[in-house]
Each structure stands twice: as structure tokens, then as C-alpha cells.
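Visitor: model this:
(one chain, ligands or ions: 1)
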Amino acid sequence: MPGIAIIGAQWGDEGKGKITHLLSGLADVVVRYGGGPNAGHTVMHDGHTYKFHQIPSGILYPHVQAIMGNGMVVDPDELWQEMETLRQAGVDFSRLMVSGNIHLIFPYHRLLDRSIEAFSGSQAIGTTGRGIGPAYTDKTARRGLRVQDLLLPEAELAERLDRALRFANTLLEHLLNAPPVSLDEMMERARAWRRWLEPFIGDAFTAVHDALAAGKTVLFEGAQGTLLDLDHGTYPFVTSSHPTTGGLLAGAGVGPHVLSRIIGVVKAFQTRVGSGPMPTEVHGPLAERLRGTGAHPWDEFGTTTGRPRRVGWLDGVALRYSVRLNGITELAITKLDVLSGLETISVAVAYELDGVEVETFPAQIASLERCRPVYEHLPGWDEDIADVRRFEDLPRAAQDYLRFIEELAGVPVSIVSVGPNTDQTILCSDNILA
Ligand code: GDP
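Guide: From the prediction side, this is the model:
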């Protein structure tokens, strides 16, 4: 019963979409286990570019069952939009299942998200404004509504919605200076959602376990990245869920023994969206060089937000932390091609904290803010590597850089991505797609 986990090992945007798509070809089931429409996965398939926010990208393969697992939060309005766009591109949704346990993002969650960010002023977290945080807050506070609640008798649904709304409206009106939201409007919305969503609602838990028991390959598709984990990330500049292996287990409802491989997806350099510490951040011309100009879809501007990403050198300290935290067994390095042409490539191998060199990720965020990277500098390469398909055909310096990352992380690099297309990939071991 092979389960394969795909985990973002940095601050998100590592290129998980491409790696998931590559491996979906061999999967029977692809499960999203956390997050919501704040995720933005870009996949290039058969010459087309597809953007996924809530739907598992494995849906592009006709043989794959795509499951939205219970750890997610879903905005049905955005889901509808996403499905419409994909439908026009010929995608068939008969193999999509939405777990009844997923929490719903209502319009008042979006309103709360934006109003709280505005209220927080300079303390704002830089959320995507899509209501994810408030929906997860309601979930934890036990007043959230789940997808399965849409199937309740009207009166019961109205009662639950009213309870949640009374709380939301008190916050909106009396604290956040925002207009209240009407129950009638929300009920109208819920009825509309039920009409089209009902056929997709299913028992995701049983579907995943039946597939595993039948010996099928199940791919668990991560969203966001490890350093944004609610418990283990750079709190409070984190997401509201757990994009780590721990979150996968809870969000998909499986035990750890089902995971035969835990693939950490790592960009060949570091990026981050929004606020929070980032020890290896660079500015000026080097930042512009790493970020790109926005001319390509893979340039460092958020898929969901369009915001320019903060960029920097690969942070080896954070990478080691991520490997430990997730139990990562191998790495997929993406965007190696972006580094071509740089004379020198730097990697943080330790931090200097108050005059002392540390090799572990500090437990206190205040300490992380004071950390200065201790760099090792490696020679770069000039060659364009976008057409390279074998490790041994990479320039020597690129090979050395990958070996260096392996040493630093303590796990092998099994996949190297040298461009956005699925075939622009180097498989470092023969059995990777077996
Ligand atoms: P995700 O959220 O982790 O899937 O990452 P995004 O989709 O936000 O960002 C990845 C972007 O980089 C997408 O536009 C991909 O098509 C692109 N991409 C993925 N791998 C590579 C690569 O190896 N090289 C280049 N140049 N682009 C890549």
C-alpha cells in the first residue's frame, strides 16, 4: 500500500504542482490534505498551463481519482470558478470527491480576514485575504460549518449558520467597523452550493483506505510549506493549518506507516511571501535576478496573490529542520535552471546568533530575527541546463551544488527540475517512477 507524500520544505511555492503532476502519472489517487484557496499550484500539461487552488492537480490524468481531504477548508464559490475554468479546458470532474468533513469558507470569513488584516495595521500577517484563517478559527472554536452540513434539513442548517453568524457579525460590527452579513443571504448561498456540490460529497476516509488496501498508489499533495506550519513554522507569520507530514496524517486520516516515501520539494534558492523572518533574504540587483521580471509564469510573483516574493539564497539550516520535522526521505530540487549564469551560489550552512554559530533552527522567533546567515560559497555555472535530462550531463558545478544540498540535508536528491514542463526533469534514481 504505497503512499507518497509531497511536502513543501520551505515557505511554499516550491514547485509542488509540477512534482505532483510528474508523480500523478503513476498514482491511482491524489489527495489534497490541507489548506484551501490560498494554495496556487501551476502545472504545465500537454502544452497548456493549468492553475489549481483547491482541486488536486492529479485530476488532469483520466485514471486518477482526485480527493479533497478533511483537513482542507473550501470556498465553494471559488471552487466553482476553478472547475469552470478547468472544464473549459476539457477537464472531467466525474472522479472528484470532496470530503464531507471539510470546513466551509463563507463570504463572512473573507470579510473577517480582510477586516482583521486592516485592523492589525503594522502587525498584519499578510494573509491572502481568502478567509482561510477565520474559517480554521471557527473550526477550532467548534462553530464552523462543514460541507456535510449543507445536506442538513433547512431549519437545522439555518440554526447552525445563525450561531456562527452571530459571532462573526459581533466582530464585524463592533470591533472591525465592517458591515454585518445577513443570514438570508448566507442561506441563499448555502442552498446554491448544495445544488451543485452534493454529487461530489463523499467519504474521503474510506476512499483513501480502500485504495491503500487494494494496493493502489496514493499521492498526498501538499499545499504551502513547512515553515508556514501553525505549530512549527515562524509563528505568527504562518498559515492556519499544518502543511507538514503531521498535517497530512490528520488531514487525510491515515497512519504514518502508509507513507513509503516523503518527498520534500525544495526550490534551489529561498522565497517567501508576506511578513516574517527570512535570514537569507537578499535585496537589490541580486534579488531582481533571482525573482525575474514577471515575464514568465515561473517568475517569483505569487500565483494566488500576484505579490512579488521575497527571495534569497538556499537556507540549509531551515532545510535540515524541515527534513527532521517531516521525516523527509528524499528531495526534489526545483528551479535549478534559474541559477544558471550566476558566478557564485551561496548557501547558508549555519546562523550566527549573538556572536555564536548555531546549526539548528532557533526555537524562538525573536532569535530567528537576529540570526545572520553563515554562507558557504560555491562556484556557479554558465550553461543553460533546461534541456539536460541526466544528472551526469549537468555541468560539474551544478552536480556539486546538488551533492552539497544532499550532504547538508542528510537525504538524497531523487528529482531535479530544470524547467516548468514535466519533461524538464532529471530522475536521479532508476526506480523513481517505478
Ligand atoms: P507550488 O505552489 O509549490 O506548486 O509552486 P508555484 O506553482 O506557485 O510556483 C512554481 C512555478 O514555477 C510555476 O510557475 C511552475 O510552472 C514553475 N516551475 C516549477 N518547476 C520549475 C523549474 O524547475 N524551473 C522553472 N523555471 N520553473 C519551474
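Visitor: where exactly do the strands run in the stretch 301-434 of the chain?
Guide: For the stretch 301-434 of the chain, the strands defined by DSSP state E, counting those that start in this stretch cover 310-312, 314-315, 330-334, 344-353, 356-358, 372-379, 413-417, 425-427.
Visitor: and what of the stretch 151-300 of the chain?
Guide: Under DSSP E, counting those that start in this stretch, the stretch 151-300 of the chain gives strands at 201-202, 218-221, 259-267, 270-272.
Visitor: to the ligand, which of those lies closest?
Guide: Among the strands of the stretch 151-300 of the chain, the nearest to the ligand by C-beta to the nearest ligand atom is strand 259-267 (6.5 Å). The C-beta positions use only the backbone N, C-alpha and C, and glycine is treated the same way.
Visitor: got the contact list for the closest residue to Asn326 other than its chain neighbours?
Guide: Leaving aside its sequence neighbours, Asn326 sits nearest to Thr245 (C-beta to C-beta, 6 or more residues apart in numbering; 4.3 Å). Taking C-beta atoms under 8 Å, 6 or more residues apart in numbering, we find Thr245 in contact with 5, 7, 256, 259, 262, 325-327.
Visitor: picking that back up, the strands of the stretch 301-434 of the chain: which one's closest to Gln148?
Guide: With distances scored as C-beta to C-beta, the stretch of the strands of the stretch 301-434 of the chain nearest to Gln148 is strand 330-334 (34.9 Å).
Visitor: who does the closest one pair up with?
Guide: strand 259-267 (parallel), strand 413-417 (parallel) (DSSP bridges).
Visitor: show me the contact partners of the longest one.
Guide: Read that as strand 259-267. 2-10, 13-16, 19, 23, 220, 222, 226, 245, 248, 314, 319, 322-323, 326-335, 405, 409, 411, 414-415.
Visitor: out of the residues you listed, which touch the ligand?
Guide: Residues of those in contact with the ligand (C-beta under 6 Å from any ligand atom): 8, 13-16, 334-335.
Visitor: for the residue lying farthest from the centre of the chain, give me the pLDDT.
Guide: Most distant from the centre of the chain: Ala155, at 36.7 Å, with distances by C-alpha atoms, centre = their mean. On pLDDT, Ala155 comes in at 97.
Visitor: from Met187, how far off is it?
Guide: In this view, Ala155 and Met187 are 11 Å apart by C-beta to C-beta, to the nearest Å.
Visitor: could you do Gly419 as well?
Guide: Distance of Gly419 to Met187, computed by C-beta to C-beta: 48 Å.
Visitor: which one of the strands of the stretch 151-300 of the chain lies nearest to Leu290?
Guide: The nearest among the strands of the stretch 151-300 of the chain, by C-beta to C-beta, is strand 270-272 at 8.1 Å.
Visitor: go through the closest one and flag the buried ones.
Guide: For strand 270-272, the neighbour count (16 or more other C-beta atoms under 10 Å) marks 270-272 as buried.
Visitor: direction included, what does it pair up with?
Guide: By DSSP bridges, strand 270-272 pairs with strand 310-312 (antiparallel).
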